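Visitor: Got a predicted structure here, sequence first:
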Amino acid sequence: MDLNKKLYIEVQKNINQMPGANDIVLRPRFKKELNKNNEVLLKAFEDSKTEQSDFIVTRIDNHVFIKFPKKEQQFWTPQLHLEIDEVDEKTSILHGLFGPNPTVWTMFMFLHFIVACLFIGFGIWAYTNWKLGEDFIIQISIMVLMVIIWFTLYFAGSIGKSSSKNEMHKLNDFMNGVLEKTGIDLTQK
C-alpha cells in the first residue's frame, strides 16, 4: 500500500462526493493525525518553497497556504490551506481546506448575503402591503427572483468546484509529496 494512500483516499472522498448533510459544501476539507511534530512538518513545507516552482507555498505560524502561480490562476482556481497543530511532542493534526482565493470566496459570500438581505427586505415589504390590503405581487416576484439568484450562485460555485478538481488533485499530490519526504507513515491509522 502506498505510504499516503489513506490520506489520499480521504481527500478524494471530500473532493469527489459529499454525501448527506455535506451536499452543499463547496470547500472540501479533511483532517488527519500525523506521527510527526508539527514544526518538522511546517519546516518541510517551508523548505519546499525553494525546491520547486510549480506552487507558491506560504507559511504563517502553523498555517500553510499552497497556491498556483499567478500566471496559472483563473477565477475559481483552488488553493490548499493547511493548519498543522501540535497534539504532543510526536504527534500533530493536519486540517486541510480546499477553496478558491479568499478574495473570490469573500465576494461570493457577499453576493449570498446581499441576496438574503434583499429577500428578507422584500418579504417584509410584501407582508406589510398584504396587511394593508395593497398590491404585493411585485415584492413576491422579486423574492422569487432572489431565490433563483440564490440557486444560480450555488450552482456557479458547484461548477467552479467541479471544474477545478484536477487542480485540487495536483495540490493534494504536492502536499502528499512533502509529507512523504518527512517519512510519515500514513497507513498507521
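Guide: Okay, I see it.

Visitor: Helix or strand next in line after the strand or helix carrying Trp105, which one?
Guide: Element membership for Trp105 (DSSP states H and E) is helix 102-132. For helix 102-132, the following helix or strand on the C-terminal side (DSSP H and E) is helix 137-163.

Visitor: The helix or strand just after that next one: which residues count as buried?
Guide: Going down the chain from helix 137-163, the next helix or strand is helix 165-181, by DSSP H and E. Within helix 165-181, the residues scored as buried using 16 or more other Cβ atoms under 10 Å are 167-168, 170-172, 174-176, 178-179. All C-beta spots, glycine's among them, are computed from the backbone N, C-alpha and C.

Visitor: Could you check the angle the helix holding Trp105 makes with helix 137-163?
Guide: With axes from the mean of the first three to the mean of the last three Cα atoms, to 10 degrees applied, the angle from helix 102-132 to helix 137-163 works out at 160 degrees.

Visitor: Show me what helix 102-132 is packed against.
Guide: Applying 3 or more Cβ pairs under 8 Å, 6 or more residues apart in numbering; DSSP states H and E, one finds that helix 102-132 makes contact with helix 137-163.

Visitor: and the helix it packs on with helix 165-181, angle?
Guide: Going by the same axes, to 10 degrees, helix 137-163 makes 50 degrees with helix 165-181.

Visitor: Which strands and helices lie in contact with helix 137-163?
Guide: Under the contact rule (3+ Cβ pairs under 8 Å, 6+ apart), helix 137-163 is packed against helix 102-132.

Visitor: Distance from the chain centre to the helix it packs on, please.
Guide: 24 Å (Cα atoms, centre = their mean, to the nearest Å).

Visitor: What mean pLDDT does it get?
Guide: In this model, helix 102-132 has a mean pLDDT of 93.

Visitor: All further residue positions should be reported with the first residue as 45.
Guide: Will do, 45 is the new start, and the previous item becomes helix 146-176.

Visitor: in that helix, what's buried?
Guide: Those would be 148-149, 152, 159, 163, 166, 169-170, 173, for helix 146-176 by 16+ other Cβ under 10 Å.

Visitor: what's the closest of the residues you listed to Val191?
Guide: Phe163 (7.1 Å; Cβ to Cβ).

Visitor: Any idea how many residues pack against the residue found closest to the closest one once you drop the neighbours it is linked to in the chain?
Guide: Once flanking residues are discounted, Phe163 sits nearest to Met190: 4.1 Å by Cβ to Cβ, 6 or more residues apart in numbering. Close neighbours of Met190, defined as other Cβ atoms under 10 Å, add up to 20.

Visitor: I'd like the buried residues of helix 146-176 as TSV, with distance to Asp98 appended.
Guide: Formatted as TSV, those follow (distance: Cβ to Cβ, whole Å):
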residue	distance to Asp98
Val148	21
Trp149	23
Phe152	26
Val159	37
Phe163	43
Phe166	48
Trp169	53
Ala170	53
Asn173	58
